[in-house]
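J.: sequence first, predicted coordinates after that:
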Amino acid sequence: MWEARAVEGRGDDLLAWARAQELSGEPLRRETFRAPQDRVLVITWWDASLDAELPELAEPSPELVTRLVHRWRFESVEER
């Protein structure tokens with residue numbers, strides 16, 4: 001999971017930037033979301049273990065974001 005917050009008023013620019021980013025591999029699935037306060041979230045699904053080396057979206061230019069990008073890895077768990 002990749003999440004960033006745009007500089008005020010630049011949410012559309014950050015969203016366009018994130019959508020244009022290509023990864024060096026093809027995930028099983030990729031979804032892009034927007035949220036209040038000009039936040040953009042990208043979630044990718046991979047058929048790999050949590051410790052596998054996977055491609056990551058880059059850091060946007062500092063003029064586009066208010067802070068460093070947050071990145072987390074999750075693994076799917078059984079549904080009940």
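T.: All right, it came through fine.
J.: tell me where this structure is predicted with low confidence.
T.: Along the chain, the parts satisfying pLDDT under 70 run over 80.
J.: give me the contact list for stretch 49-65.
T.: 2, 4-7, 10, 13-14, 17-18, 21, 23-25, 42, 44, 46, 48, 68-69, 71, 73, 75 (C-beta atoms under 8 Å, 6 or more residues apart in numbering). Heads up, the C-betas are built off the backbone N, CA and C, glycines and all.
J.: so which bits of that stretch are buried?
T.: Neighbour counts over stretch 49-65 (16 or more other C-beta atoms under 10 Å) mark Leu57, Pro60, Leu64, Val65 as buried.
J.: can you redo those as a markdown table with distance to Asp38?
T.: Formatted as a markdown table, these follow (distance: C-beta to C-beta, whole Å):
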| residue | distance to Asp38 |
| --- | --- |
| Leu57 | 17 |
| Pro60 | 12 |
| Leu64 | 10 |
| Val65 | 9 |
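J.: now, those that are in strands?
T.: Among the buried residues of stretch 49-65, no residue falls in strands (DSSP state E).
J.: Arg30: which of the residues you listed is nearest?
T.: Leu57 (9.8 Å; C-beta to C-beta).
J.: and the buried residues of stretch 49-65, which is closest to Glu79?
T.: Minimum distance to Glu79 across the buried residues of stretch 49-65 is 27.4 Å, recorded for Leu57 (C-beta to C-beta).
J.: from Leu64, how far out is the closest one?
T.: 13 Å (C-beta to C-beta, to the nearest Å).
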